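S.K.: Below: sequence and its predicted model.
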Amino acid sequence: MKHAIIDSPIGELTLVGDGDVVTGLYFPHHWTRPDHTTFGPRDDSAFPAATEQLKEYFAGQRKEFDAPTRAEGSEFQRAVWAEITKIPYGSTATYGDLATAVGGLPHEVGAAVGQNPLSILVACHRVVGKNGKLTGYAGGLKRKQFLLELERPPAAERGQLW
């Protein structure tokens, strides 16, 4: 295990993994951040593909990630996380939508979303509450709002001129 810390517009991001495979991406004060002593030594040159793709994402130049990742979790959690990867850039889905897709209850889906170890790379910020309401996010609602706004198309593309 090793970890890298990279700067981003929403604060430092800690990438954790084994070899070139990212197994965790955490914010400062992340709700479910594991003990940092399990991250292994710091190597800011680790995970070059994920680091570059995150920079491109924040620059508005990338809509999907294909850096090597591996998320550890229960079968249900992995099913929820796989469903999250199907939510297109710039779109959202509700916890209820995911519950219907994976055969669970919205609160069970919410718990699985909250345990997503690959924030941003598995875009759990795209999961919203009923009627589009912003609800919990392991990195905080300000970060969730920032990420959703980052993915929002310019007004001209939305058909708005002013």
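M.R.: Yep, it's here. Note that the structure is predicted; figures quoted are calculated from it, not measured.
S.K.: what about the strands in the chain?
M.R.: Secondary structure of the chain (DSSP state E): strands at 2-6, 13-18, 21-26, 93-94, 127-128.
S.K.: Output the first one as CSV, restricted to C-alpha atoms.
M.R.: Coordinates of the C-alpha atoms in strand 2-6 are reproduced here as CSV (Å, rounded to 0.1, in the frame of the first residue of the first chain):
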residue,chain,number,x,y,z
LYS,A,2,1.0,3.6,-0.7
HIS,A,3,-0.7,6.9,-1.0
ALA,A,4,-0.4,10.2,-2.8
ILE,A,5,-1.8,13.6,-2.0
ILE,A,6,-2.8,15.9,-4.8
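S.K.: packing partners for that strand?
M.R.: strand 13-18, helix 48-58 (3 or more C-beta pairs under 8 Å, 6 or more residues apart in numbering; DSSP states H and E). To be clear about C-beta, it is placed using only N, CA and C from the backbone, and glycine gets the same treatment.
S.K.: in this structure, what spans have low per-residue confidence?
M.R.: Across the chain, residues meeting the criterion (pLDDT under 70) sit at 154-162.
S.K.: just to revisit the earlier point, format the helices and strands packed on strand 2-6 as TSV; extra columns: distance to residue 109.
M.R.: Below are the helices and strands packed on strand 2-6 laid out as TSV (distance: least, C-beta to C-beta, whole Å):
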stretch	distance to residue 109
strand 13-18	24
helix 48-58	24
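S.K.: from the ones you listed, which stretch is densest packed?
M.R.: Mean neighbour count, computed with mean count of other C-beta atoms under 10 Å, is highest for strand 13-18 among the helices and strands packed on strand 2-6, reaching a mean of 21.
S.K.: just the helices in the protein please.
M.R.: Assigned helices in the chain, in chain order: 48-58, 75-84, 95-102, 106-114, 141-151 (criterion: DSSP state H).
S.K.: Centre of the chain to stretch 139-150, how far?
M.R.: 10 Å (C-alpha atoms, centre = their mean, to the nearest Å).
S.K.: End to end on stretch 136-143, go ahead and measure it.
M.R.: 11 Å (C-alpha to C-alpha, to the nearest Å).
S.K.: Stretch 38-50: end-to-end distance?
M.R.: Terminal residues of stretch 38-50 are spaced 20 Å apart (C-alpha to C-alpha).
S.K.: sorry, that was for stretch 6-25
M.R.: Distance between the two ends of stretch 6-25: 10 Å, counting by C-alpha to C-alpha.
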